[in-house]
Structures are given as C-alpha cells and as structure tokens.
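Visitor: Quick one: sequence plus predicted model below, questions after.
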Amino acid sequence: MGMTIIEKILAKASGRERTQPGDVVVVKVETVVLYDGNFFPAYWREIKHVANPDSVVVAFDHRVPAPDQFCARAHGVGRAFVEKFGIKRFHDVGYDQGIAHVICAERAYALPGTVLICSDSHAGSAGALNCAARGTGGPDVIYALTKGTTWYRVCETIRYELVGKLRHGVTPKDLFLHISGTYGTHADYNVEFGGPALADLSIDERRTLSTMGTELNAEFTVFEADAVLDRYVKARTDRPYETFNPDPDARYAERRVLDLSKIEPLVAKPDRVINNSAAISEVAGQRIDQAFIGSCANGNLYDLAIAAEVVDGRRVAPGVRFLVTPGSQEVYRQALKAGYVEKLTAAGAVVTSATCGACQGGHMGVIGPKEVCITASTRNFKGRMGDPSASVYMASPATVAASALTGKITHPGQFLKMEGAR
Amino acid sequence: MISGKVWMFGDDINTDLMLPTAHMYSPKEIQAQHVFEANRPGWVKLVGKGDFVFGGKNFGTGSSRPAPLAMTTLGIGCVVAETFNPLFFRNCVSFGLQALECPGVTAAFQEGDIAEISLAEAKVRNTRTGQTLPGVAIPEALLSLMAGGGIFPLLESEGLIGPAPAEAAGAAQGG
C-alpha cells in the first residue's frame, strides 16, 4: 500500500520506513518557530537549554509595534531569549518583520519534506511548501525547542484534485469558502491538494488554502511539490531538501475533484466558518462599518494587487473604514514598488505595517459593539475582531475591496472585468 | 474516579469563546475570569471548583490559545465532549486539563447532573440516570502527561526550563 504526502514526511521525520493512519509518531523537528505570543508570562518559562539554536525562528507578529506596556515587556523577554541563545533568524520590528507564517515562506524556512512546529493555529500555512506543520500549543513548542522532537497522530487524508483555472476576480479564498461551505468539517483528517490546476496557483495562492486548512479543522494541510515550488524555494535558500509526492496507490479517505473555473465569489456569514458560506447575492446590500484585508491567509502581494485593481481611481464609501495590512514588510515594499499602496491610500484605505492586527482583534482596527465588518482574513468568529455583538462576514480581498467602495456587501464583478460573471 | 457537577455546552464551541482575545495575554488568573463571557455572561461566578464542562461536537475549534490553562485555573475538573477539536485536545494534554471524548454525552446528560468520570477506564456515568457511557481511551503516554499537569512540570523536572515567573501571578496589565 502506498503513502500520502503527510504519511511520507512523518515517516522520514520519525526514522521509519512507513507510517499509516492510527500511528502515534515521535518526529524530529527541523524548524521551531516562536512569535511574540509565546513570550507572555502566562505561557513562557525561562529556557535553560535549546536543542539546536540554528533550527529556531523568532518572528514578532501578533502585536507589533507594541501597542501597550504589557506587550512591550513580552517583546523584551523575546529579545533577551534571542540574545541568550544567539538565534540568528530573528524578525523584530523593522525591515525583516512580518507574520511568522509569511516569513517562513518568504525565507523558505519552511523547508519542503520536513517538520515545522509553531504554536499559532495557522502554522499549517507551511503546507503550501510541502512542509508538515499544524497548529500546536505553546508548551509543545517549548518541548520541541528544548528536546528537538514532538509527537503527532497519523490521520487519514482527504485528497482534493484541482482542475481548471480560477477566473479573474475569483481568488483562492473563494475556493476555500466553497470547500468549507460544501464539505464542512475535516476534523481528524489531513487535507492534500494536488492536480493540474497547481501549475496556475502561485505559492502565495496555495498558502491562502493551506493556512485556511485550520478553519476546516483539518490536521495537516499539504500541497504536492512541483516545478513552481522548486523555483520558489531555490530562489530563497541554498539548503538541500527532499520533496514528497503521494504514491499512485496511496490510500485516501476520500478523493474530491474541484473545477476551479466554476468557483464563484462567496461570503461566510458571521460567527462560524464551517457550513456557513453564501452566494454574494444572498447577503448583498448588508451595510458595513469596516472592511479589512490582511492576515497570514490574505496579506499577500496578490491580495493587495486585486484590492488595488478594484479601488483604482475610486473612493471608499463615507463612514467606512478600509484597513489593509500586508503580511510582511517585504510584501509592503513590493506593494509600494508595484503602485498598490498608492492606489489603495488614494482611495482612502489605511495601509498599516505588517501584523496579525485586526484579524485577531488585538490592535490596528478592533471593531466596536454592533458594528459590521467584512474581512479577508482567517476567521469570522463571534468576538474575534472585537466586541462580541459585532458581526463579521468573511470573503475574498476582491469582495472586501468592492464592499469598501459601496459601504455594503458587493460582488466584485461590479468593479472588475470578470469573464462569465453572474 | 472523579465526580462533579455538569455544565452543558453545544457544538462547535470555539477557543475565542473560552478565552476572549482581549484577555488572552493577561495572567492566567485574569484569563479565568472571562471564560465563556460572550456566550454565557456571568457563568464564571456560578461555576464551582471541580465542576465539569460537557460539550458537543468539535469542542475547542479555533485558535491554539491556551484555553485549557484558563479552564484549569478556573477550577474545571474535567471537560467531556462528543468530539474534541484535535488541537484543543492536544492543548488539554499539554496544559494538564483532564479531558475525555465520549460520544452520546449530549443526549445522556442535563445541566446540573452529577457525573462520575474515570479517565483511566475511559468511562462516564450519570448518577441521576445510572447510565454509563464508554469514552475514547487515551494512550497511556498522553494520559500520564495530562495527569501530571502537562509539559511544563515535565520539562521543569528535567532541568530544561525554569519555574513559572512570579509575574504570571501578578496584576493584569490588559493585553
């Protein structure tokens, strides 16, 4: 019997010939990623030993620059840890800063064929690089930091075969909302993406899907390796790596074929991601107070590009706050160079520095009582972005930008040339 | 065997509800005072030490925040659910919150019932009805980690990390 991608990566990392669903494996961790959230007093301990300082990445992202004294103290604890153990891959406020998951892709820290651990729930983002990662807890990361290993249960895998091509103005976020709305929860299953459509999906676009695997309740989410991945990784690192693709006779719990050309823009209604997607026509006209584009899922250059295209030469509706947060300072610089920041700010958007920010309701755009927000980020949970009485709709960056212009939930086709738009 | 009063919660209870973002970086004593405040305001004043939280399907979906730590600090003796979100269950092991998956609990229990739970034998009994439900057995290694208070006490005993900082028990500064 053949193996899926995750079964192969976990087999290699655990020094076994093979793994199969049901196995609990202890694996070697190639990359340990810490973010500012790890350094708060309720979670952090004095570290007396680090198994391999060169395996460590520290990236400040959730609350940067420090919005209050409590966060500033935690950042100080993080900097002291970096100093004590001589951590080289440190991404503090400034040129190199960004959301940890974005940084791990940009720098190819998420090395194909290896295991990466990070206690943020969206760590599965690294799956776009054929790297095994999933959300864990803070103590798991400290265990891996001090001992160099962690444990995983091997689960069955659901395979998505992607064919066709997304139409202009339809983004991987819409594809995700199609999956979450059609198939619901993927709890206790890994998710594997492959198929001919991958040739047209950039690593950033794949990362939107791998990041959102968390919101399907999936275990590991991982993409097949291909030439697009090889080009991306080799442009960023000289480190050797081995990619893994599934065997032809790999065993899947289910195989599902998705035709990307048939995907339409969708919106998740408030409070829940799973089984909660609607056609835009169903919620169109809903008034909004805030529109947000950002996060590890949607703070990519391509997200900013489509938003800039939608708002180009137009103005944000009066009474609407439109916030755009690049996923990293590198994305920010690229967006500046490409003219996206100019188009967005000319339209009235506020473009912030890179942070998890409004996605997590931590700072830089927290919403108030009974307000309505439409977001291209990771979650629409009750209270996620601010007051629990607020409503959060989740959609693609194109739909969010279109809604910012009209002040109500709006199909992006109104502002974009979309072939065959309904 | 532990026994305690049961509080019932539904399906898809997420970790933003268990530990609201506004308090997730506060000391754990402050975190504990805000558990479920969006969906059950005032509940933390009603719940007693050693009480049990019973949930439905996919209990603990969402972020990796240390919701189990807030719950152990509040004094919750055990969480039982139809199914756990795997990341939440992992955090229960890591933070030492007793947790058992047990299909059928939603139908078999009402709020206020007294439950008797054995994690080692993976079973839950309703003292009102006398019904005993089999739970999902937890591998021995994970059970002992969970029972021993999780990862921090283990690493501390091996000299790899220091004790909890005094600041963790100090006053809140927001977050």
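Guide: In hand now; what should we look at?
Visitor: Contacts only, for residue A:55.
Guide: For residue A:55, the contacting residues are A:29-32, A:148, by C-beta atoms under 8 Å, 6 or more residues apart in numbering or on different chains. Bear in mind the C-beta positions are built from the backbone N, C-alpha and C, glycine included.
Visitor: among those, which are in strands?
Guide: A:31-32 (DSSP state E).
Visitor: most neighbours, which of the contacts of residue A:55?
Guide: residue A:32 (27 neighbours; other C-beta atoms under 10 Å in any protein chain shown).
Visitor: Pick out the residue in chain B sitting closest to chain A.
Guide: Residue nearest to chain A within chain B: residue B:162 (3.1 Å; C-beta to the nearest C-beta).
Visitor: Find the nearest non-adjacent residue to that residue, please.
Guide: What sits nearest to residue B:162 in space, not counting adjacent residues and going by C-beta to C-beta, 6 or more residues apart in numbering or on different chains, is residue A:46, at 3.1 Å.
Visitor: For residue 103, the count of nearby residues, please.
Guide: Using chain A here. Other residues close to residue A:103 by other C-beta under 10 Å number 27.
Visitor: try again with chain B
Guide: Residue B:103: 15 neighbours (other C-beta under 10 Å).
Visitor: can you check the one 3 residues further on too?
Guide: The number of residues packed around residue B:106, counting by other C-beta under 10 Å, is 18.
Visitor: Report the distance from the one helix or strand it maps to to the chain centre.
Guide: Element membership for residue B:106, per DSSP states H and E: helix B:105-108. Centroid separation between helix B:105-108 and its chain, computed with C-alpha atoms, centre = their mean, to the nearest Å, is 18 Å.
Visitor: Stretch A:319-336 now?
Guide: Its chain's C-alpha centre and that of stretch A:319-336 lie 15 Å apart, by C-alpha atoms, centre = their mean.
Visitor: what's the span of that stretch from first residue to last?
Guide: This stretch, stretch A:319-336, spans 26 Å end to end (C-alpha to C-alpha, to the nearest Å).
Visitor: model confidence over it, on average?
Guide: For stretch A:319-336, the mean per-residue pLDDT is 98.
Visitor: again, but for stretch A:221-232
Guide: The model assigns stretch A:221-232 a mean pLDDT of 98.
Visitor: now do stretch B:54-62
Guide: Average pLDDT, stretch B:54-62: 92.
Visitor: again, but for stretch B:94-113
Guide: Over the span of stretch B:94-113, the pLDDT mean works out to 96.
Visitor: gap between it and the chain center?
Guide: For stretch B:94-113, the distance to the chain centre is 9 Å (C-alpha atoms, centre = their mean).
Visitor: how about the helices in the chain?
Guide: I'll assume chain A. Here chain A has its helices, by DSSP state H, at A:5-13, A:69-85, A:100-106, A:138-147, A:172-183, A:203-212, A:227-234, A:280-283, A:295-298, A:301-311, A:329-338, A:340-347, A:397-406.
Visitor: To clarify, I was referring to chain B.
Guide: Going by DSSP H, chain B shows helices at B:15-18, B:28-32, B:43-46, B:67-74, B:86-95, B:105-108, B:140-147, B:151-157.
Visitor: can I get these in JSON lines with distance to residue A:290?
Guide: As requested, the helices of chain B are arranged in JSON lines below (distance: least, C-beta to C-beta, whole Å):
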{"stretch": "helix B:15-18", "distance to residue A:290": "18"}
{"stretch": "helix B:28-32", "distance to residue A:290": "27"}
{"stretch": "helix B:43-46", "distance to residue A:290": "29"}
{"stretch": "helix B:67-74", "distance to residue A:290": "26"}
{"stretch": "helix B:86-95", "distance to residue A:290": "28"}
{"stretch": "helix B:105-108", "distance to residue A:290": "36"}
{"stretch": "helix B:140-147", "distance to residue A:290": "41"}
{"stretch": "helix B:151-157", "distance to residue A:290": "38"}
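Visitor: and the residue nearest to residue A:368 when sequence neighbours are not counted, what does it touch?
Guide: Take residue A:368 and drop its neighbours on the chain: the residue closest to it by C-beta to C-beta, 6+ apart is residue A:387, 5.4 Å away. Counting by C-beta under 8 Å, 6+ apart, residue A:387 touches A:367-371.
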